[in-house]
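Chemist: Starting from these lines, generate the structure:
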Amino acid sequence: AGGRQGHREPVVTITLCRVDDRLIHGQVVIGWGAPMGVDLIVVVDDAVQANAWEQEIYRMAVPEGTEVAFVTEAEAVGRLDRWAGGPERVFVLTGDVATMCALVRDSDGRIGRVNLGGVHDQVGRRERLRYLYLSDGEVDELRRLEAGGARVYAQDVPTAPAVGLDDLA
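Modeler: Residues are numbered from 1 along each chain as shown. Below you'll find the predicted structure:
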């Protein structure tokens, strides 16, 4: 079966890495998580990780049988090996582009694709798609990820066509 003897490629079980500023909500859970058979949703957000009340609100949106973890960016980097090679199908979710970019940069190639979902209007951002507003700086940051080998695309729901980063600028 090809490859070096004794060398085993990790089973990639990080099924989706998504930026969505609403974090856990119906579209994430029903639209993405259910069809992908996700076992674990990981919210990478330092503020949410420190707020038990907010975590409980998000947990209420997660269906029974799906685990949810709230971790800091540093904790996420430390757990990537387990998520990328473990038995669970993992959905990694950040609320902003900067956190996802930092996570991808620190992943040593374990994160190869980034899905841009609901990122809403803020000062300095402009509409790229009806559900996606990005600043020029965020687009530049995402381009650096692509230059490093990651695939970045926008897709609000799994049934919609994916839109490449070049088509968003």
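
Chemist: Quick one, grab the pLDDT at Val19.
Modeler: Looking at Val19, its pLDDT stands at 98.

Chemist: how much space between the residue nearest to it when sequence neighbours are not counted and Pro63?
Modeler: Distances taken as Cβ to Cβ, 6 or more residues apart in numbering place Met100 nearest to Val19, at 4.9 Å, with adjacent residues excluded. For the C-beta atoms, the positions are set from N, CA and C on the backbone; glycine is no exception. Separation of Met100 from Pro63 (Cβ to Cβ, to the nearest Å) stands at 24 Å.

Chemist: now swap in Gly95 and tell me
Modeler: Gly95 sits 21 Å away from Pro63, taking Cβ to Cβ as the criterion.

Chemist: Could you check which of the two is surrounded by more residues?
Modeler: Ranked by neighbour count (other Cβ atoms under 10 Å), Gly95 and Pro63 place Gly95 first, with 19 against 10.

Chemist: Surely the more buried one touches Asp45?
Modeler: Yes - counting by Cβ atoms under 8 Å, Gly95 does reach Asp45; the two are 5.4 Å apart.

Chemist: list residues touching both of the two?
Modeler: Shared contacts of Gly95 and Asp45, defined by Cβ atoms under 8 Å, 6 or more residues apart in numbering, comprise Leu23.

Chemist: what helix or strand is Leu80 on?
Modeler: Under the criterion of DSSP states H and E, Leu80 resides in helix 73-85.

Chemist: contacting residues around that helix?
Modeler: Contacts for helix 73-85 (Cβ under 8 Å, 6+ apart): 10-14, 40, 42, 44, 46, 49, 71, 90, 92, 99, 102-103, 106-108, 110-111.

Chemist: buried residues in stretch 32-42?
Modeler: Buried residues in stretch 32-42, defined by neighbour count with 16 or more other Cβ atoms under 10 Å: 32-33, 38-42.

Chemist: Trp53 belongs to a helix, doesn't it?
Modeler: Yes - Trp53 forms part of a helix when assessed by DSSP: H, G, I helix; E, B strand; the rest coil.

Chemist: ok now do it, which residues does it touch?
Modeler: Here Trp53 is in contact with no residue (Cβ under 8 Å, 6+ apart).

Chemist: quick one: the helices in the chain?
Modeler: Along the chain, the segments classed as helices by DSSP state H run 26, 34-36, 46-49, 52-59, 73-85, 97-105, 136-147.

Chemist: Pull the distance from the fifth one to the chain's centre.
Modeler: Taking Cα atoms, centre = their mean, to the nearest Å, one finds helix 73-85 lying 13 Å from the centre of the chain it belongs to.

Chemist: That helix versus helix 97-105: what angle between them?
Modeler: Calculated by axes from the mean of the first three to the mean of the last three Cα atoms, to 10 degrees, helix 73-85 forms an angle of 50 degrees with helix 97-105.
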